[in-house]
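Trainee: Need a 3D model of the following:
(chains A and B)
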Amino acid sequence: MAADGDRKPAKKLNLKENYALLTRGLGWEPSYQKKEDIFRTVDFEGVKIHDWDKWEDPFRLTMDAYWKYQGEKERKLYAIIDAFQQNNGQFNVTDVRYVQALKVFLNGIVGLEYASHRGFNILGRELPGVGPRIAAQMQAIDELRHATTQIHAISHYNRYFEGMAEFPHQFDRVWYLSIPKSFFEDAVASGPFEFIVAISFAFEYVLTNLAFMPWMSGAAFNGDMSTVSFGFSAQSDEARHMTLGIEVIKFLLEQDPANVPLVQKWIDKWFWRGYRLLALLATMMDYMLPKRVMSWSEAWTIYYEENGGALFSDLARYGIKPPKYADVTVKEKHRVSHEMWSVFYTVRDALGFPIWLPSKEEMDWFSEKYPETFDRYYRPRFEYWRELEDKGTPFRSSTLPKLCQVCQWPCLYTEPDDASEFVHRQGEYQGEIFHFCSDGCSDIFHDEPEKYVHAWMPVHQIYQGNCFKEGVDPSAADFNPMAAALDYMGIKPGVDGGSMRDHVDAQRWESWTARPANMHEGAITDAVRKTT
Amino acid sequence: MAVEIRTNGVKPVRNTFGHLARRFGDKPATRYQEIAYDVQPEVNLHYKPLWDPDGEIYDRRRTVVTMRDWYALKDPRQFYYGSYTTTRAKQQDALDRQLDFAEKRDLLRLLPDEVRESIVFALLPLRHYEWGANMSNCHVAAYGYGTAVTQAAIMVTTDRLGMAQHLSRIGLLLDGNTGESLSIGRSLWIDEPLWQGLRREVEALFVTRDWFEVLVAQNLAADGLVYPLFYQQFDQHVAARAGSALSSLTDYLLRWYEETAKWVDATIKTAAAENPENRERISQWFRNWRDRMAQALRPLSQSLLGDASEQALAAVLAQLDARAAKLGLTV
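Mentor: Now for the predicted structure:
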């Protein structure tokens, strides 16, 4: 160290130098334990890393800066949430159909944020470099933030509406919530590199704009200040996470040419898996938002075809090709939301939220947005179902749908080149037959059948009698298996699902706000008819 | 259509979520409760993790400690992300004023050479101890069971990175932002014989798989010796010779340690009280790691404190044993 006599004034540090010094050399090569005993999961996937120091932490945030920056965001966010609650902001949304979308969000998405927190905790422990571990740890606590603030933003709605009170219970048990749950558990059950390619790149970088832009704009369009504030507050976190995603991909591709085919395989798999998960958003955007932002087809065009196209032409220099079956997603964009809403309608008695048929006004919008498909395939179906409702004999399905072994959606999709023919793919593994909704999911299964046979398939489980509460006697004379399975899932028949027209949320909404539960169809109760 | 929002007198249908009502009754839940309880999946898990084919993604068997309800391990600070970050931001603001003051007055650089050198020797290798503690707590966050534990553990994980960075700042105040003291600290951590005992134990924690053992070993046994020894005993030793310039910067570490000990103590006390097997097992872990850490620290302590070393170490050990006994452990 400098002796007293020649002490120079302290050097001024810029932010980058400051970060570099504060984190410099924190890690060390262990000598009392073997490295492979400390980092036990980093090798089995076959990824080759020669120099971990080439992975720069893209966030370059010291903890003090992180706390201050995030603390300030939290203060602002909670000020808005508090005001929202004090002013009963839940009654300012467009109509009660919007609240049904929030149920899907709370019951289906919060659990994913938590799973993501856990996945990044594992990476924060298991990656050998300092930069990657810090990046993973910051994302781990960010994901915890998202689970937390989502619950806090939506918590107030739970006090006034049905279908949200049992969100963790339902996430573990409800048949269609195994779609998001299995998606994230698939990623967390993978090795660390597959996880980070799946979540940081395929999901956050390629697909997250589809979740955030239209969805948060949807919240703003429909007057939900609580959710929109959460969304905007989370957006700057997402920007960091997306940066991590692209840096990770480039790091892996630059480290060794042998990584390229592995990364390509994971991009193909997780693009398809993420696309199937986000298809849930297609129904939200097209059917559940009373004031629509854009159609699913438009969102897919902008956020995947245009933005994704630019990304993959940039990655071409590494030998990376656009994801397999991307062409199928483009063909499906004219259909998925309608096909899915149709299935939801037919199984509405087994859902945690009520369903409605699109109004005339909405169908005209669909005709405009989906000129190639809507009038030809879906309008006649909805008009027929409307007729049956008016006659008092509404159509409903009395059986549960067949699920895809990989994405867990009902096998409801149609052939890429024929919208009148359902896709049916099946395959065999160890003498058992498995079903798939698409070639994409079939490929994923056949690459790792030993993994996917361990999927928890809710419909299979229900039919096998594994979804009843303890103490239920299936041999009792008055045993109703469907009612017992719904009870197990935490779905109250006649309260949670069914038809919006008869739903308690709709009736309460009209008596509380004196506005129609469905702004496109007029009031359903006398409370509103008198005042409008 | 005229919009008339009639919100007066609208009574909520329920006051909180079902899982919280079953635990605490149907009354408005706190923001801590809303995230800390039951958010982790428990049943119907998909797939076998490729990194642990015999286990589940969330698996109670990753520790031998057993609990009827893992959510009994609540955080007395009731930290959720928002209260955590705003608390730390506020503390950091106060600390920044101290750092700023020390920098403007060159408080550390004006210390006599031998004092500065002894601070570098004593505190800069601890950056790496904190980085090790970061990894150990991240292990708890990764493999622990239940939202209550994992969220508190990831907060401690990022705290430990913050502490490593704070120690780096002390180094930069000593070396005039050249980073020289950080390099010296790193060499000491890796090569200096006096530091090898501690590094050996930190690396031993990296291969300890039972997450509850890691929690006890790191946050009770190791920190329970390291923090008082360096930030109280050594700090007093420096203050007696060169004034309180250093104390104004290590105080932050001690305040943090006292605050975090509330979570550590509550967690261990509750688990130990759950059943005799837990109490026995946690006590064994505690004694084992306490003895190993004490042995590792003894030569360091002698080198730093000289004649006062034995007495200082004995005081620190007595303090730790008293604390552990209060948690119901047999020491």
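Trainee: Buried residues, stretch A:9-28. List them.
Mentor: A:Ala10, A:Asn18, A:Tyr19, A:Leu21, A:Leu22, A:Thr23, A:Arg24, A:Gly25, A:Leu26, A:Gly27, A:Trp28 (16 or more other C-beta atoms under 10 Å in any protein chain shown). The C-beta positions use only the backbone N, C-alpha and C, and glycine is treated the same way.
Trainee: Report the separation between the last one and chain B.
Mentor: For A:Trp28, the distance to chain B under the criterion C-beta to the nearest C-beta, to the nearest Å works out to 6 Å.
Trainee: who in the stretch 201-331 of chain B is up against chain A?
Mentor: Residues of the stretch 201-331 of chain B lying close to chain A (C-beta under 8 Å from any C-beta of the partner chain) are B:Glu203, B:Ala204, B:Phe206, B:Val207.
Trainee: which among these end up buried?
Mentor: For those, buried by 16+ other C-beta under 10 Å: B:Glu203, B:Phe206.
Trainee: what would the residues of the stretch 201-331 of chain B next to chain A look like in TSV with secondary structure, pLDDT and distance to A:Asp417?
Mentor: Listed next are those as TSV, based on DSSP: H, G, I helix; E, B strand; the rest coil; pLDDT from 0 to 100; distance: C-beta to C-beta, whole Å:
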residue	secondary structure	pLDDT	distance to A:Asp417
B:Glu203	helix	98	59
B:Ala204	helix	98	61
B:Phe206	helix	98	55
B:Val207	coil	98	55
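Trainee: which one of the residues of the stretch 201-331 of chain B next to chain A is nearest B:Gln92?
Mentor: Closest approach between these and B:Gln92, by C-beta to C-beta: B:Phe206, at 28.6 Å.
Trainee: In three-state terms, label A:Ala419 for me.
Mentor: Judged by DSSP: H, G, I helix; E, B strand; the rest coil, the three-state class of A:Ala419 is strand.
Trainee: can you pull the pLDDT of it?
Mentor: As summarised for this prediction, A:Ala419 has a pLDDT of 93.
Trainee: Tell me how many other residues surround it.
Mentor: For A:Ala419, the neighbour count with other C-beta atoms under 10 Å in any protein chain shown is 19.
Trainee: residues in contact with the nearest residue in space to B:Lys269 that is not next to it in sequence?
Mentor: With sequence-adjacent residues excluded and distances taken as C-beta to C-beta, 6 or more residues apart in numbering or on different chains, B:Lys269 is closest to B:Leu327, at 4.3 Å. Counting by C-beta atoms under 8 Å, 6 or more residues apart in numbering or on different chains, B:Leu327 touches B:Leu220, B:Asp265, B:Ile268, B:Lys269, B:Ala272.
Trainee: Same list, those, but as TSV with pLDDT and neighbour count please.
Mentor: Shown next, in TSV, are these (pLDDT from 0 to 100; neighbours: other C-beta atoms under 10 Å in any protein chain shown):
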residue	pLDDT	neighbour count
B:Leu220	98	25
B:Asp265	98	17
B:Ile268	98	26
B:Lys269	98	17
B:Ala272	98	23
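Trainee: what's the closest of these to B:Arg14?
Mentor: Distances from B:Arg14 to the contacts of B:Leu327, taken by C-beta to C-beta, are shortest for B:Lys269, at 33.4 Å.
Trainee: show me what contacts that closest one?
Mentor: B:Lys326, B:Leu327, B:Gly328.
Trainee: quick one: which of those residues sit in helices?
Mentor: Secondary structure assignment (DSSP state H) places B:Lys326 from these within helices.
Trainee: quick one: the strands in the stretch 401-532 of chain A?
Mentor: Here the stretch 401-532 of chain A has its strands, by DSSP state E, counting those that start in this stretch, at A:414-415, A:418-422, A:425-429, A:432-436.
Trainee: out of everything not next to it in sequence, what's closest to the residue in the stretch 151-300 of chain B that chain A sits nearest to?
Mentor: In the stretch 151-300 of chain B, the residue that lies nearest chain A is B:Gly162 (3.5 Å; C-beta to the nearest C-beta). Nearest residue to B:Gly162, sequence neighbours excluded (C-beta to C-beta, 6+ apart): A:Met63, at 3.5 Å.
Trainee: shouldn't that neighbour be in contact with B:Leu167?
Mentor: No - the criterion here is C-beta atoms under 8 Å, and A:Met63 misses it with B:Leu167 at 12.0 Å.
Trainee: just to revisit the earlier point, would CSV of the strands of the stretch 401-532 of chain A with distance to A:Arg396 be doable?
Mentor: Below are the strands of the stretch 401-532 of chain A laid out as CSV (distance: least, C-beta to C-beta, whole Å):
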stretch, distance to A:Arg396
strand A:414-415, 21
strand A:418-422, 19
strand A:425-429, 27
strand A:432-436, 23
